[in-house]
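Visitor: coordinates only, sequence not included:
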Ligand SMILES: Cc1cn([C@H]2C[C@H](O)[C@@H](COP(=O)(O)OP(=O)(O)O[C@H]3O[C@H](C)C(=O)[C@H](O)[C@H]3O)O2)c(=O)[nH]c1=O
């Protein structure tokens with residue numbers, strides 16, 4: 001397992017050790033002991049799967065209170081995956097980073113609690129799978145606008161298909177600061 005730092009404090013890309021043979025491949029998508037040794041989470045409480053077609057953009061979502069850390073991966077297709085640090089007090093507050101995750105590159109991203117997360121589908125369709133460190137709490141579900149100029153995410157050229165909720169998401173500047181996560185080292 002290889003860990004690659006991103007521009008965002010605490011957010012890392014994980015390249016699992018992949019074992020190929022004439023039958024196909026095998027890799028551990030999560031191992032509490034190995035993750036613990038790497039300073040990554042050893043406990044998840046919810047696993048999610050979503051299917052999306054080309055140009056679908058889901059995000060940018062976060063949960064506060066009850067923030068969710070997410071270990072995300074792509075089981076089918078390819079996505080442009082984005083994290084934005086929304087933690088008040090973080091050295092990388094308001095900054096974004098992204099990575100292309102695909103079934104073929106098998107890369108994962110660990111997105112700590114307090115980040116907004118989203119992705120855009122680059123392939124014909126994509127199956128997205130992720131583990132969360134807290135459960136979904138509808139009342140705590142929140143989001144910011146995918147194309148907020150103050151954040152300046154450099155999305156691939158696409159005309160995104162968004163949910164109504166995401167279409168209407170606020171700009172970061174429109175969010176009550178008390179509604180934003182707090183950085184905890
Ligand atoms: C997230 C979630 C949703 N739901 C229900 C609520 C809605 O009736 C339906 C679709 O929810 P939503 O449109 O919020 O789904 P996504 O747009 O895929 O949201 C996710 O997309 C971005 C990429 C994320 O990182 C979050 O995990 C999550 O916000 O599933 C649940 O029952 N449990 C859940 O954990």
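Guide: Good, I have the coordinates. Being a predicted model, the structure only gives us computed values, none of them experimental. Numbering: from 1, shown residues only.

Visitor: contacts and neighbour counts: CA atoms only from here.
Guide: OK.

Visitor: Which residues of the chain lie near the ligand?
Guide: 58-59, 61, 117-119, 136 (CA under 6 Å from any ligand atom).

Visitor: how about a cut-off of 5 Å?
Guide: The chain has residues 58, 61, 117-118, 136 near the ligand, with proximity defined as CA under 5 Å from any ligand atom.

Visitor: Read off the pLDDT value for the spatially most central residue of the chain.
Guide: Taking CA atoms, centre = their mean, the centroid of the chain lies closest to residue 117, which sits 4.3 Å from it. For residue 117, the model assigns a pLDDT of 98.

Visitor: ok, what's across the strand from residue 182?
Guide: residue 88 (DSSP bridges).

Visitor: Surely it is in contact with residue 115?
Guide: No: using CA atoms under 8 Å, residue 182 is not in contact with residue 115, being 10.2 Å away.

Visitor: okay, and the common contacts of those two?
Guide: residue 87 (CA atoms under 8 Å, 6 or more residues apart in numbering).

Visitor: Who has more neighbours out of those two?
Guide: residue 115 (31 against 18; other CA atoms under 10 Å).

Visitor: What about the more buried one? Give its phi and psi, please.
Guide: Recorded main-chain torsions at residue 115 are phi -100, psi 150, according to degrees, to the nearest 10.

Visitor: quick check: longest helix of the protein.
Guide: Ranked by number of residues, the top helix in the chain under DSSP state H is helix 32-37.

Visitor: So which elements touch that one?
Guide: On a contact count with 3 or more CA pairs under 8 Å, 6 or more residues apart in numbering; DSSP states H and E, helix 32-37 meets no helix or strand.

Visitor: Just the buried residues of that helix, please?
Guide: By 16 or more other CA atoms under 10 Å, helix 32-37 has no buried positions at all.

Visitor: what sits up against the next helix or strand after it?
Guide: Sequence-wise, the next helix or strand downstream of helix 32-37 (DSSP states H and E) is strand 46-53. With contacts defined as CA under 8 Å, 6+ apart, strand 46-53 is touched by 121, 123-135.
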